[in-house]
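> Coordinates for the following, if possible.
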Amino acid sequence: MSNPSTPQRPSDIISPIADGVLPNKTSADEARKAGRYAHDKPTPDNSIMLLVDHQIGLMVGVRDFVSLSEYKSNVVGLARTAKTLNIPTLITSSNAQWQNGDTLPEIKELFPDQPIYRRTGIINCYEDPTFRQALEGIVESTGRRHIIIAAVTIGTCCAFPTLSMLNDGYKVFPVVDACGAWNRYETEAAMSRMSNAGAELVTTFALACELQADWKLPTANAMLDPFNQNLPEYAFVIGNFWNNANQHAVSDPFGMVK
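Numbers count the residues shown, from 1 in each chain. Sure thing, here's the model as predicted:
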């Protein structure tokens, strides 16, 4: 019996499943004119993904992660997110014929119909005429100007094109945990430099959530794949729930689970 002196909780308020994502009340341009932060977020409809120099020879030298398996999983998870959400994706490599090696096989498998733009010396991919022509072709045909970029290493092949594209008026989102660096100093310097220039630093799975925006959207089921495959911390949460949903995969001899 409940204590009459104990206040009763009010009924829960459940948002209607027909509700969609509300836009900000003020546009980014209006906020900018008012001197406020302009929230102009990346979406599957306004973004282009650049996967730069995720090459097996370069990735083996990454030293700013506890483990290369975590790092690789972030890179593949980002690529899976782009593939799932049909975000136009450009892949490029640098001097793959020599010490840098070929593009990560998982990226090539995810994008079997996408050519790899093989740069033969120019470090900043945005300064490479062939690659820039490909990027500008997508921009001109789609109107997309939000650039999501991840590159090896963060201090060179991510920071250099990021600064160039900011200069030319693009909105740039470096995915910092899908880049990699020779050491932590490089990472911190590159993040500071890009952020101070106006780039918005993001991480793989926070970005995935921002792009999905609403788990009621049709892409929701497919978007569980990068989370299950490449974010094991959340994959265990998902697996544990579905392992026990509406049934007990493991019987409870104490009778505590109802």
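
> Mind jotting down where the helices sit in the protein?
Taking DSSP state H, the helices of the chain run over residues 28-33, 56-59, 68-84, 105-110, 129-142, 159-167, 184-197, 204-212, 220-230, 232-244.

> List the buried residues in stretch 121-133.
Using 16 or more other Cβ atoms under 10 Å as the test for burial, stretch 121-133 gives Asn124, Cys125, Tyr126, Asp128, Phe131, Arg132. C-beta here means a position set from N, CA and C on the backbone, and glycine is covered the same way.

> picking up where we left off before, same list (the helices of the chain) but as a markdown table, adding distance to Asp40 and mean pLDDT.
As requested, the helices of the chain are exported to a markdown table (distance: least, Cβ to Cβ, whole Å; pLDDT from 0 to 100):
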| stretch | distance to Asp40 | mean pLDDT |
| --- | --- | --- |
| helix 28-33 | 4 | 95 |
| helix 56-59 | 31 | 94 |
| helix 68-84 | 19 | 97 |
| helix 105-110 | 28 | 98 |
| helix 129-142 | 16 | 98 |
| helix 159-167 | 13 | 98 |
| helix 184-197 | 16 | 98 |
| helix 204-212 | 12 | 96 |
| helix 220-230 | 22 | 92 |
| helix 232-244 | 27 | 82 |
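
> Distance to Val175 added to these, as a markdown table?
Written out in a markdown table, the entries for these read as follows (distance: least, Cβ to Cβ, whole Å):
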| stretch | distance to Val175 |
| --- | --- |
| helix 28-33 | 21 |
| helix 56-59 | 15 |
| helix 68-84 | 6 |
| helix 105-110 | 14 |
| helix 129-142 | 17 |
| helix 159-167 | 11 |
| helix 184-197 | 11 |
| helix 204-212 | 6 |
| helix 220-230 | 13 |
| helix 232-244 | 17 |
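
> Of all these, which one comes closest to Met49?
Relative to Met49, the nearest member of these by Cβ to Cβ is helix 68-84, separated by 4.2 Å.

> For that closest one, give me every contacting residue.
Contacts with helix 68-84, where a contact means Cβ atoms under 8 Å, 6 or more residues apart in numbering, come from 49, 51, 54, 59-60, 62, 65, 87, 89, 104, 106-107, 110-111, 148, 150, 175, 177-178, 180, 203-205, 207-208, 211, 219, 222-223, 225-227, 229-232.

> related to what we said a few turns ago, out of the buried residues of stretch 121-133, flag the one nearest to Asn100.
Cys125 (13.2 Å).
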